[in-house]
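>>> Fold the stuff below for me.
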Amino acid sequence: QVQLVESGGGLVQPGGSLRLSCAASGFTFNRYAMSWYRQAPGKKRELVAVISSAGGNVNYADSVKGRFTISRDNAKGTMSLQMNSLKPEDTAVYYCNARWINYDYWGQGTQVTVSS
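The predicted model follows:
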């Protein structure tokens, strides 16, 4: 059974940091490109960051470049998103995604709220 379980969300003040994690199971993790998406209330889900299957290539949305860092550990089947210098506009539900050919899996999401 495929599972993607996000953790690490919460409430943080502007300028603060959070580290999100995604634990994967039930599929061959090192075949899949992994991504973080987010969806704010009333907005479309958007891509935040993506990392290739071996971890050698990463890309970020312009809005998070220089502040967020995506990483993965293929031995452990985990992916992380280090988020620094958080802004109120980063408030959203963050989702973990795994994609390979026509296989596409999603986690349930974790809430990140940036507010003073």
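
>>> tell me which element the most centrally placed residue in the chain falls in.
In the chain, the residue lying closest to the centroid (CA atoms, centre = their mean) is W36, at 2.8 Å. Element membership for W36 (DSSP states H and E) is strand 33-39.

>>> List the residues that contact the residue nearest to the centre of the chain.
Residues counted as contacts of W36 (CB atoms under 8 Å, 6 or more residues apart in numbering) are 20, 22, 47-50, 70, 79, 81, 94-97. C-beta here means a position set from N, CA and C on the backbone, and glycine is covered the same way.

>>> Are any of those buried, and if so which?
Among these, those classed as buried by 16 or more other CB atoms under 10 Å are L20, C22, V48, A49, V50, I70, M79, L81, Y94, Y95, C96, N97.

>>> Just the ones of the residues you listed in strands?
L20, C22, V48, A49, V50, I70, M79, L81, Y94, Y95, C96, N97 (DSSP state E).

>>> How about the fifth one, nearest residue that isn't a chain neighbour?
What that stands for is V50. Leaving aside its chain neighbours, V50 sits nearest to S35 (4.2 Å; criterion: CB to CB, 6 or more residues apart in numbering).

>>> what's the spacing between that neighbour and L11?
24 Å (CB to CB, to the nearest Å).

>>> Show me which of these two is the more surrounded one.
S35 (21 against 12; other CB atoms under 10 Å).

>>> Sketch out the low-pLDDT regions of this structure for me.
In the prediction, the chain carries no residues with pLDDT under 70.

>>> List phi and psi for F29.
The phi/psi pair for F29 (degrees, to the nearest 10) reads phi -60, psi -40.

>>> In contact with it, which residues?
F29 neighbours (CB under 8 Å, 6+ apart): N74, G77, A98.

>>> coming back round to it: the residue nearest to the centre of the chain pairs with what?
A49, C96 (DSSP bridges).

>>> Would you convert the buried ones among the contacts of W36 into a markdown table that also reports distance to Q111?
Putting the buried ones among the contacts of W36 into a markdown table (distance: CB to CB, whole Å) gives the following:
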| residue | distance to Q111 |
| --- | --- |
| L20 | 11 |
| C22 | 15 |
| V48 | 14 |
| A49 | 18 |
| V50 | 21 |
| I70 | 19 |
| M79 | 18 |
| L81 | 14 |
| Y94 | 8 |
| Y95 | 11 |
| C96 | 14 |
| N97 | 17 |
